[in-house]
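K.L.:
Dropping the sequence and predicted coords here.
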Amino acid sequence: MPFDFIVETPVETTQQRRQRLFNTALEGVVRQGGLSLRAYLSFDGNTQNIRCAYRGLDGRKCAVGHLIPDHLYRPYIEGTFPKNLEKYGLHEEDRNFLRQLQCAHDASLDSSNHLMRFRDHMLHVACSYGLEF
């Protein structure tokens, strides 16, 4: 008599998923050597402002930008936080966590050593969520 075995695929817990997302964001920004920045013209049309971007100059990506697959990225999300995270392969329950990753990246712009400041901010995120750094 044949036996039908059901092989369960392991389900990723919220903590495991957040650790994976954290690692991807941290390693991506560090590996590319810095923040993802883009120049924008001010409203007067005369001044360029440098701001963080999901996709920046030289193919760089911000922390959350590393989590958005290239085939799902659209330029119109620049300057906003995605409304429908599932559309980008992310989980709605991670919205606040993802915002913290974005803030770790964007808050590092004001430092002369962007990458060191980013790592400091990411250490704070790791501690806040019980993640390994």
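P.N.:
Nice, I can see it.

K.L.:
Show me where this structure has its helices.
P.N.:
Along the chain, counting by DSSP state H, helices occupy 14-32, 95-106, 114-129.

K.L.:
highest average neighbour count across the ones you listed?
P.N.:
When these are scored by mean count of other C-beta atoms under 10 Å, the highest mean neighbour count falls to helix 95-106 (a mean of 19). For glycine as for every other residue, the C-beta is placed from the backbone atoms N, C-alpha and C.

K.L.:
Just the angle for that one relative to helix 114-129, thanks.
P.N.:
Counting by axes from the mean of the first three to the mean of the last three C-alpha atoms, to 10 degrees, helix 95-106 lies at 160 degrees to helix 114-129.

K.L.:
Flag the shaky bits of this structure, pLDDT-wise.
P.N.:
For the chain, the stretches with pLDDT under 70 are 1-9, 41-42, 45, 47.

K.L.:
wait, residue 26 sits on residue 63?
P.N.:
Yes: with contact defined as C-beta atoms under 8 Å, residue 26 reaches residue 63; the gap is 7.5 Å.

K.L.:
overlap in contacts of these two?
P.N.:
Taking C-beta atoms under 8 Å, 6 or more residues apart in numbering as the contact rule, the neighbours common to residue 26 and residue 63 are residue 122.
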